[in-house]
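[1] Generate a structure from the sequence data that follows.
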Amino acid sequence: MVGDPVTAPRKPLEAAPATAGAESAPEVLRRVERLLDARFADARFAATREDLTPLLEDLHAGLSALFPAPGGVRVSPEEQQALRAKFVGTVDTLEDVLEAIDRADRAGRARGLRAREGR
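    Residues are numbered from 1 along each chain as shown. So this is what the prediction gives:
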């Protein structure tokens, strides 16, 4: 059925601004967290949102180490490289988890739709 909220396509998440630099990285991460909070606001998804917390904490820690506050201690170039690699790996893992959640959600909606149609 056209316009059915169950099968209607979702609006894609906002992309980070093309001009986002190191200074805005923490704000971009906070915006991602707000989007996740909105997406998983339903009490049925509270555990799923909580399961994402360690990944988000790792991302915050990585940003803090890579971009210390004014007067903070900068890490060596070698440590920066290792931190960047870990950060990218964590982002990739978060992306994989979110894609798996989305696939499971779509599959569940499709099963529900088929059940309502008697298939």
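
[2] use CA for all of it now, contacts and neighbours both
    Noted.

[3] Longest helix in this protein, please.
    Ordering each helix of the chain by length in residues (DSSP state H) puts helix 77-117 first.

[4] just checking, what packs against that helix?
    Under the contact criterion of 3 or more Cα pairs under 8 Å, 6 or more residues apart in numbering; DSSP states H and E, helix 77-117 touches helix 46-66.

[5] Quickly note the distance from Leu55 to Lys86.
    11 Å (Cα to Cα, to the nearest Å).

[6] Please read off the pLDDT at Ser24 from the model.
    On the pLDDT scale, Ser24 is placed at 72.

[7] ignore the last one, Asp4
    Per-residue pLDDT puts Asp4 at 40.

[8] same check, this time on Lys86
    96.

[9] pLDDT below threshold where in this protein?
    1-23, 109-119 (pLDDT under 70).

[10] If we use 50, what do you get?
    Across the chain, the ranges flagged by pLDDT under 50 are 1-8, 10, 12-21.

[11] Can you name every helix or strand that the strand or helix carrying Leu36 contacts?
    According to DSSP states H and E, Leu36 maps onto helix 25-39. Under the contact definition 3+ Cα pairs under 8 Å, 6+ apart, helix 25-39 sits against helix 46-66.

[12] by how many degrees do the helix it packs on and helix 77-117 diverge?
    Orientation of helix 46-66 against helix 77-117 (axes from the mean of the first three to the mean of the last three Cα atoms, to 10 degrees) gives an angle of 160 degrees.

[13] oh, and call the first residue 48 from now on, that's how I've got it
    OK, 48 is where the count begins now, so the last one is helix 93-113.
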